[in-house]
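[1] Sequence and computational prediction follow.
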Amino acid sequence: MSEASKVVCIVGPTASGKSSLAEAVALRLKSAVVSVDAMQVYRGMDVGTAKTPTGERRCPLLMVDVCDPTESYSVQRFQADARSCVDGLLAEGRTPVLCGGTGLYLDAVIDEMDFPAGEVGGRARSAYEDLLAERGPEGLHALLAERDPRSAELIHPNNSRRVVRALEMLDEGVSYSQKHEGLKRRTPHYAASIWALSMSRDRLYQRIDRRVDLMMEQGLLDEVAALKDGGLVADSTAGQAIGYKELLSHLAGECSLEEAVQTIKRRTRNYAKRQLSWIRRDGRARVLDMDVLSTEEACELVASGLCAGQDDDGGGR
């Protein structure tokens, strides 16, 4: 890879300060931030996805507000759109700063990944979607487990869209598990400098709880209610987002507001654990210890590391 194709990636668990650091790095590099978040792409999902408010952005923030929550926005579409943003910045001689905690979406941008598209609205998909409505997520997942146990182990029962696609692939003579193994073999699409924010687990969980409380103060419930009135449903991709799913349940009378908020905090903490696991498995990121570094100091390390290459220790652990 040539130096011209270099990209900087700021990753880490939710509430660790990725957005602030990415913005600081982008300002230092006179560039822009490309959000790599599966839910920030949706318009109107602002408070619950912790988007930096428009009036507070100090540099361009790309790949946010690109579709409506009622649309189906796949990782394939994200890959194409995000790479278009990255390529546009590179063509201008600027270094893109990718920021987010959705591991699959980052990999889809910076690595060579081909995704089976499937036929939207095709007969097989419609049949499985009808079966989903009839049997529910658990029933459809049970069918996949019966036909392809290895693939069923890789897909959560609630991820109905992926279960449907796995069943479609079986009909086409392809196992999702085999395709998944192919996706794990990485070939870089861009020369990526990856930096991961780290902090003590107790401090991270405190930050998560405070962030959820702040989101509620900032009107998350009203945001979810407005999206519900606009057609957002719980079984959609956007409706499954943490914060939105739980408050949709509350608005449907399935739990109290206090129960919903506590569930949001618990699920966010669990999500942070999965993000940390993904960073460890990936193995490419240089760690920035935010228990000892300020945002400004971390920015300096990223900027100097980009100029010097990857040979110094970067202040990580």
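    Perfect, I can see it now. Residues are numbered from 1 along each chain as shown.

[2] make it CA atoms for all contacts and neighbour counts henceforth
    OK.

[3] so what's Thr14 up against?
    Counting by CA atoms under 8 Å, 6 or more residues apart in numbering, Thr14 touches 101, 208, 268, 271-272, 275.

[4] In this structure Thr49 contacts Gln40, no?
    Yes: counting by CA atoms under 8 Å, Gln40 is a contact partner of Thr49 at 5.9 Å.

[5] Test of understanding: give the bridge partners of Leu288.
    Leu197 (DSSP bridges).

[6] Hmm, it is touching Trp195, no?
    Yes: counting by CA under 8 Å, Leu288 touches Trp195, with 6.8 Å between them.

[7] Are we agreed that Gly93 is in a strand?
    No: under DSSP: H, G, I helix; E, B strand; the rest coil, Gly93 sits outside any strand and is assigned coil.

[8] Next, name the residue at the spatial heart of this protein.
    Closest to where the C-alpha atoms of the chain average out (CA atoms, centre = their mean) is Thr102, at 2.5 Å.

[9] what's the domain layout of the protein?
    Listed domain ranges for the chain are 3-112+186-308, 123-184 (source: automatic domain parsing).

[10] which stretch in those domains is the model least sure about?
    Mean pLDDT is lowest for domain 123-184 out of the domains of the chain, coming in at a mean of 82.

[11] Centre of the chain to stretch 265-279, how far?
    Per CA atoms, centre = their mean, to the nearest Å, the displacement of stretch 265-279 from the mean C-alpha position of its chain is 12 Å.

[12] again, but for stretch 148-158
    With CA atoms, centre = their mean as the basis, stretch 148-158 stands 20 Å off its chain's centre.

[13] From the opening residue of it to its closing one, how far?
    17 Å (CA to CA, to the nearest Å).

[14] How about stretch 47-61?
    Termini of stretch 47-61 sit 16 Å apart (CA to CA).

[15] So what touches it?
    Applying CA under 8 Å, 6+ apart, the external contacts of stretch 47-61 come out as 19, 23, 26-27, 31-35, 39-40, 46, 215, 218-220, 223, 242-244.

[16] Met290 contacts Ala196, doesn't it?
    No: using CA under 8 Å as the test, Met290 is too far from Ala196 to be in contact (9.7 Å).

[17] For the stretch 1-150 of the chain, just list every one of the strands.
    Taking DSSP state E, counting those that start in this stretch to define them, one finds strands in the stretch 1-150 of the chain at 6-11, 33-35, 61-62, 97-99.

[18] Give me the helices and strands touching the second one, please.
    Looking back up the chat, that one is strand 33-35. Under the contact criterion of 3 or more CA pairs under 8 Å, 6 or more residues apart in numbering; DSSP states H and E, strand 33-35 touches helix 18-28, strand 61-62, helix 75-91, strand 97-99.

[19] circling back: buried only: go through the contacts of stretch 47-61 for me.
    19, 23, 26-27, 31-35, 39-40, 46, 215, 220, 223, 242-244 (16 or more other CA atoms under 10 Å).

[20] distance of the nearest residue to Arg28 once chain neighbours are set aside from Thr95?
    Of all residues not flanking Arg28 in the chain, Ala303 sits nearest, at 7.5 Å (CA to CA, 6 or more residues apart in numbering). Ala303 sits 11 Å away from Thr95, taking CA to CA as the criterion.

[21] intersection of neighbour lists for these two?
    By CA under 8 Å, 6+ apart, Ala303 and Thr95 have these common neighbours: Leu29.

[22] ok, the two, which is more surrounded?
    Thr95 (25 against 18; other CA atoms under 10 Å).

[23] I'd guessed the more buried one sits against Val25; true?
    No: between Thr95 and Val25 there is no contact, the gap being 10.0 Å when judged by CA under 8 Å.

[24] In contact with Met199, which residues?
    Neighbouring residues of Met199 by CA under 8 Å, 6+ apart: 16, 289-291.

[25] Wasn't Tyr271 part of a helix?
    Yes: assessed with three-state DSSP, Tyr271 lies in a helix.

[26] Identify the residues contacting it.
    Counting by CA under 8 Å, 6+ apart, Tyr271 makes contact with 13-14.

[27] So for whatever helix or strand Arg165 lives in, what gets flagged as buried?
    Arg165 belongs to helix 160-171 when elements are defined using DSSP states H and E. Within helix 160-171, the residues scored as buried using 16+ other CA under 10 Å are 160-169.
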